[in-house]
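1. the following block contains a protein sequence and its predicted model.
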Amino acid sequence: MTFYLEIITPEKVVFTDNVDELIVPTTTGEVAILANHVPLLSQISLGELIIRQGQKEHALAVSGGFLDVANNQVTILADYAVRSEDIEIAKVEEAQKRAQKAMEEKVSERDFAEAEASLRRSLLELKVAKRRRSIPIN
């Protein structure tokens, strides 16, 4: 049995389809969703989101937002979400270097927090992309 999943960011609709299982990182830990799940509203944390459709498995790097489960429909409103196959490793590694450099410089607390958030997101993207592409993680 399946349920309908929709993942939306401020920029675009990232995923819409019927799925068998969903594993979501939340602020209270990972939550696995199957068909006929009880209604749930939860905050999403930075992490890897896994979608299972039959024998296929999709991975996304997600950050922030909310998960809403009701009546065999799951809606995720994420601050940021990218599919593992869409992650460009070279660009992410460059963003990681820029964020690390910004954190080393003497900057305001706000700039430091933004650089730190960018670094965390870059590290997550690298982890998800490399794991899903069977590339060794340095």
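-> Done, it's in. Numbers count the residues shown, from 1 in each chain.
2. for the residue nearest in space to the middle of the chain, give me the pLDDT.
-> Among the residues of the chain, the one closest to the centroid is Val62, at 1.5 Å (Cα atoms, centre = their mean). In this prediction, Val62 carries a pLDDT score of 93.
3. these two touch, right, it and Ile50?
-> No. Contact criterion Cβ atoms under 8 Å: Val62 and Ile50 do not qualify, at 10.4 Å. Just so you know, the C-beta spots here come from the backbone N, C-alpha and C atoms, and that holds for glycine as well.
4. wait, Phe3 sits on Ile33?
-> Yes. The pair Phe3 / Ile33 is scored as a contact, 7.4 Å apart, by Cβ under 8 Å.
5. so what sits against both of those two?
-> Val74 (Cβ atoms under 8 Å, 6 or more residues apart in numbering).
6. after the helix or strand bottoming out on mean pLDDT in the chain, next one along is what?
-> Least confident helix or strand, the chain: helix 89-104 with a mean of 69, by mean pLDDT, DSSP states H and E. Under the assignment DSSP states H and E, the closest C-terminal helix or strand after helix 89-104 is helix 109-132.
7. roughly how far does the nearest residue to Arg98 once chain neighbours are set aside sit from Val69?
-> Residue nearest to Arg98 in three dimensions, not counting chain neighbours: Ser118, with 7.6 Å by Cβ to Cβ, 6 or more residues apart in numbering. Taking Cβ to Cβ, to the nearest Å as the measure, Ser118 falls 30 Å from Val69.
8. which one of those two is surrounded by more residues?
-> Higher neighbour count among Ser118 and Val69: Val69, with 21 against 17, using other Cβ atoms under 10 Å.
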